[in-house]
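the sequence and its predicted three-dimensional model are supplied below.
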Amino acid sequence: MSRIDVRIQASAEEAVRELAGELRELIRRCQDEGRRAVLGLATGRTPLPLYSELIRLHREEELSFRNVITFNLDEYLGLPPDHPQSYRSFMREQFFDHVDIDPECTHIPDGMVPEEEVVAHCEAYERAIEEAGGIDLQILGIGRTGHIGFNEPGSPADSRTRRVALDEMTRSDAAPAFDGLAKVPTEAITMGCGTILAAARLRLMAWGANKAEILRKAFLGPVTAEVPASFLQEHEDVRLFLDGPAAGEMD
Ligand code: F6R
């Protein structure tokens with residue numbers, strides 16, 4: 001826990017202002033250095049206020065994403081990119097379509113990759129991250145199972161991008177968005193814990209009391225594959241952005 005920097009704010013909106021500022025600095029510094037900023041992105045409810053703030057910075061303060069490359073954590077297997085619940089659709093609606101990022105520079109695993117090509121697709125995703133120079137800053141949420149990306153309990157610390165089965169708790173958390181559990185995919189492609197831990201900076205956000213218990217387990221408990229987010233305790237540059245209710249069990 002000692003190395004982890006925890007920022008607690010009254011609201012998610014306040015917490016993301018600081019994180020968006022850090023992203024702005026990173027993007028501008030990379031621009032000055034004549035290289036692209038490589039961002040790891042997440043989907044779900046948690047990053048929504050961050051994406052809103054980044055869109056605001058783009059519109060009102062001329063923050064450009066033209067020199068940014070992105071890699072998303074995960075995608076549901078079996079969903080075409082234009083499916084309303086695909087993470088590709090999510091990213092377009094919530095972020096990409098509202099800023100000046102080059103769509104060619106936005107990477108998300110392909111949920112429709114044919115069965116026999118899944119392994120090669122995952123290896124290519126890893127290679128693309130490497131060729132981009134590695135992830136400068138990875139945005140993360142946390143699932144109630146302790147997952148990061150879709151690395152459910154039992155995922156090894158050195159796991160890489162791969163096909164995974166979704167935990168039942170994760171599927172039931174996603175059920176309202178899919179209009180019922182039966183429609184929630186059972187599998188996904190996710191960056192591995194090792195892929196995530198290779199990022200230079202990790203920034204995890206969590207809002208609301210229903211994340212309090214898993215945050216305590218992940219950051220005050222032992223480092224264990226049973227709580228994949230606990231691996232973050234061993235990374236050198238981690239910051240947690242929490243609202244008051246999420247931080248409720250952190251002391
Ligand atoms: C999303 C992802 C997941 C979510 C987590 C929390 O790309 O990788 O790990 O961050 O399931 O989801 P929300 O934010 O909806 O509570």
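Yep, it's here. Numbers count the residues shown, from 1 in each chain.

residues from this protein in reach of the ligand?
Contacts of the chain with the ligand, taken as Cβ under 6 Å from any ligand atom, map to 42-46, 73-74, 141-143, 147-150. In this view, the C-beta of every residue, glycine as well, is placed from N, C-alpha and C.

how about a cut-off of 5 Å?
Contact residues (Cβ under 5 Å from any ligand atom) of the chain with the ligand: 42-46, 73-74, 141, 143, 149.

for these, give me a markdown table that also has pLDDT and neighbour count.
Formatted as a markdown table, these follow (pLDDT from 0 to 100; neighbours: other Cβ atoms under 10 Å):
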| residue | pLDDT | neighbour count |
| --- | --- | --- |
| 42 | 98 | 23 |
| 43 | 98 | 25 |
| 44 | 96 | 18 |
| 45 | 96 | 12 |
| 46 | 98 | 23 |
| 73 | 98 | 27 |
| 74 | 98 | 24 |
| 141 | 98 | 20 |
| 143 | 97 | 24 |
| 149 | 98 | 27 |
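
in a markdown table, list these along with secondary structure.
Formatted as a markdown table, the residues of the chain next to the ligand follow (DSSP: H, G, I helix; E, B strand; the rest coil):
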| residue | secondary structure |
| --- | --- |
| 42 | coil |
| 43 | coil |
| 44 | coil |
| 45 | coil |
| 46 | coil |
| 73 | coil |
| 74 | strand |
| 141 | coil |
| 143 | coil |
| 149 | coil |
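
measure the closest residue to residue 248 other than its chain neighbours to the ligand for me?
In space, and not counting its chain neighbours, residue 248 is closest to residue 212: 4.2 Å by Cβ to Cβ, 6 or more residues apart in numbering. According to Cβ to the nearest ligand atom, to the nearest Å, residue 212 stands 13 Å off from the ligand.

for the record, mean pLDDT for the helix or strand encompassing residue 212?
Element membership for residue 212 (DSSP states H and E) is helix 212-220. Per-region confidence: helix 212-220 scores 98 on mean pLDDT.
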